[in-house]
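Asks: This is a predicted model, with the sequence first.
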Amino acid sequence: MAVKVIRYIHGGEPSWGVVHDRRIAPLSCGAASTADFVANDLEAAWRSTPDQATLPLDGVSLLPTITSDRQFLCQGINYASHVRESGMDPDKIGFNTLFTKAPSCLAPADTDVMRPAHVRLLDYEIELGLVVRKPLTGAVHVGPDQLHEFLAGVTIVNDISARDIQLPQAQFYKGKSYRSFGPVGPYLVLLDADEWRRWPDLHMRLHVNGQPRQDAYCGDMIFKPHQTLAELSVLHDLQPGDLVATGTPAGCAARAPGKLAMWVSRHVLSEATKWRAFIKKGLSNPAYLQPGDIMTASIRTDDGAIDLGEQRNQVVAA
């Protein structure tokens with residue numbers, strides 16, 4: 001049975017616990033980081049029982065389930081639906097797009113998302129986050145039924161993006177790394193081997209002000225978790241507690257223009273003119289986030305057996 005781990009503050013230092021219904025069973029692990037928790041305290045979390053749950057969930061302050069000393073790795077254009085709305089052909093995506101976000105953007109699942117004063121096109125991206133279990137310091141083969149060997153659990157990620165920075169400047173890191181641009185949690189959900197086989201059944205939903213924006217299943221990924229882990233292991237080291245956000249489906253505010261407009265922008269307009277037109281059009285798009293907007297994001301199987309909880313974040317002007 002999936003285990004919901006939470007990181008929180010309750011009248012003192014950051015603590016870890018296991019959520020049973022609406023109550024928390026504190027863990028006496030004292031882990032200073034997600035790396036410490038994953039390396040040393042998974043078994044204690046699996047052994048937690050409802051009778052140990054002494055704290056009301058509503059009485060604590062949430063912390064990110066991933067600490068800021070971990071790597072924050074990301075996949076881009078990893079859902080065919082998002083590829084299409086970005087103006088590309090999914091059949092021509094021949095490689096896995098990988099990038100990073102600054103770990104300092106990690107934020108609690110209920111925090112305010114700060115929109116910097118110079119950012120006008122603020123977007124959302126619900127994603128399934130994978131949390132690394134064991135060190136990977138060299139190239140490894142990862143089979144689709146081996147995820148439980150390499151991964152500790154899953155969490156919700158909202159990859160907040162300043163499109164008027166990311167796209168005109170061609171800088172994913174810069175456009176996605178402002179402080180508070182990475183809400184994660186509320187839980188780190190630990191899965192056993194059988195539950196890991198159900199990752200394609202996880203149903204992602206994101207709403208803005210109660211209006212549905214994104215709705216898709218994780219099984220629609222182009223590059224699957226085992227493929228991405230294997231590829232990352234070829235590139236560089238992974239350590240316990242590192243976070244991999246696996247891409248977002250269709251429904252973002254940013255959309256590619258029509259075919260004619262795309263042709264004109266590529267063959268007629270200068271780069272500067274093209275991006276001025278992009279920003280001008282975006283300013284009239286009501287789907288972009290504004291101060292006061294409230295995002296809610298959830299990921300769960302339709303039968304509720306695996307439930308990653310819900311994020312609720314309000315956008316505020318920085």
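Replies: Sure, I can see it. Here the structure is a predicted model, which is why all the values come from computation and not from measurement. Residues are numbered from 1 along each chain as shown.

Asks: Shouldn't K134 be within a strand?
Replies: No: looking at K134 with DSSP: H, G, I helix; E, B strand; the rest coil, it is coil, so not inside a strand.

Asks: how near is it to V3?
Replies: Distance of K134 to V3, given as Cβ to Cβ, to the nearest Å: 18 Å. Just so you know, the C-beta spots here come from the backbone N, C-alpha and C atoms, and that holds for glycine as well.

Asks: the more surrounded of those two?
Replies: V3 (20 against 15; other Cβ atoms under 10 Å).

Asks: Across the sheet, point out what pairs with the nearest residue to that one once chain neighbours are set aside.
Replies: Excluding its sequence neighbours, the residue lying closest to V3 (Cβ to Cβ, 6 or more residues apart in numbering) is L190, at 4.1 Å. Counting by DSSP bridges, L190 forms beta bridges with V3, G153.

Asks: go on, G129?
Replies: Counting by DSSP bridges, the residues bridging with G129 are T155, A245.

Asks: Scan the chain for its longest strand.
Replies: Criterion DSSP state E: the longest strand present in the chain is strand 307-317.

Asks: what sits up against that one?
Replies: 2, 4, 107, 109-115, 117, 122, 154-156, 158, 183, 185-187, 189, 202, 289-301 (Cβ atoms under 8 Å, 6 or more residues apart in numbering).

Asks: can you tell me which of these are in strands?
Replies: Per DSSP E, the subset of the contacts of strand 307-317 in strands is 4, 107, 113-115, 122, 154-156, 158, 183, 189, 294-300.

Asks: So what's the residue count around W16?
Replies: W16: 24 neighbours (other Cβ under 10 Å).

Asks: Once you drop chain neighbours, what's closest to it?
Replies: L27 (4.7 Å).

Asks: ok, that neighbour - how many residues close by?
Replies: 20.

Asks: correct me, but it touches V19?
Replies: No: assessed by Cβ atoms under 8 Å, L27 is found out of contact with V19, at 11.3 Å.

Asks: Can you get me a residue count around S48?
Replies: 20.

Asks: that older thread, which positions within the longest strand of the chain qualify as buried?
Replies: By 16 or more other Cβ atoms under 10 Å, the buried positions in strand 307-317 come out as 307-311, 313, 315.

Asks: what's the answer for stretch 156-170, then?
Replies: 156-168.

Asks: swap in stretch 183-197?
Replies: 183-191, 195-196.

Asks: my read: K134 touches E149, true?
Replies: Yes: K134 sits in contact with E149 when judged by Cβ under 8 Å, with a separation of 7.3 Å.

Asks: Distance to P212 added to the buried residues of stretch 183-197, as TSV?
Replies: Shown next, in TSV, are the buried residues of stretch 183-197 (distance: Cβ to Cβ, whole Å):
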residue	distance to P212
P183	19
V184	22
G185	22
P186	21
Y187	22
L188	26
V189	23
L190	29
L191	27
E195	27
W196	28
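
Asks: Please tabulate those in JSON lines and include distance to S177 and pLDDT as additional columns.
Replies: Shown next, in JSON lines, are those (distance: Cβ to Cβ, whole Å; pLDDT from 0 to 100):
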{"residue": "P183", "distance to S177": "14", "pLDDT": "98"}
{"residue": "V184", "distance to S177": "14", "pLDDT": "98"}
{"residue": "G185", "distance to S177": "18", "pLDDT": "96"}
{"residue": "P186", "distance to S177": "22", "pLDDT": "98"}
{"residue": "Y187", "distance to S177": "24", "pLDDT": "98"}
{"residue": "L188", "distance to S177": "22", "pLDDT": "98"}
{"residue": "V189", "distance to S177": "25", "pLDDT": "98"}
{"residue": "L190", "distance to S177": "28", "pLDDT": "98"}
{"residue": "L191", "distance to S177": "28", "pLDDT": "98"}
{"residue": "E195", "distance to S177": "32", "pLDDT": "98"}
{"residue": "W196", "distance to S177": "29", "pLDDT": "98"}
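
Asks: wait, which of those is closest to H141?
Replies: For the buried residues of stretch 183-197, the residue nearest H141 by Cβ to Cβ is W196; the value is 16.6 Å.

Asks: list the contacts for the residue lying closest to that closest one once chain neighbours are set aside?
Replies: Excluding the flanking residues, the one nearest W196 by Cβ to Cβ, 6+ apart is L147, at 4.3 Å. Contacts for L147 (Cβ under 8 Å, 6+ apart) come out as 196, 199, 225-226, 229.

Asks: I am finished for the moment; much appreciated.
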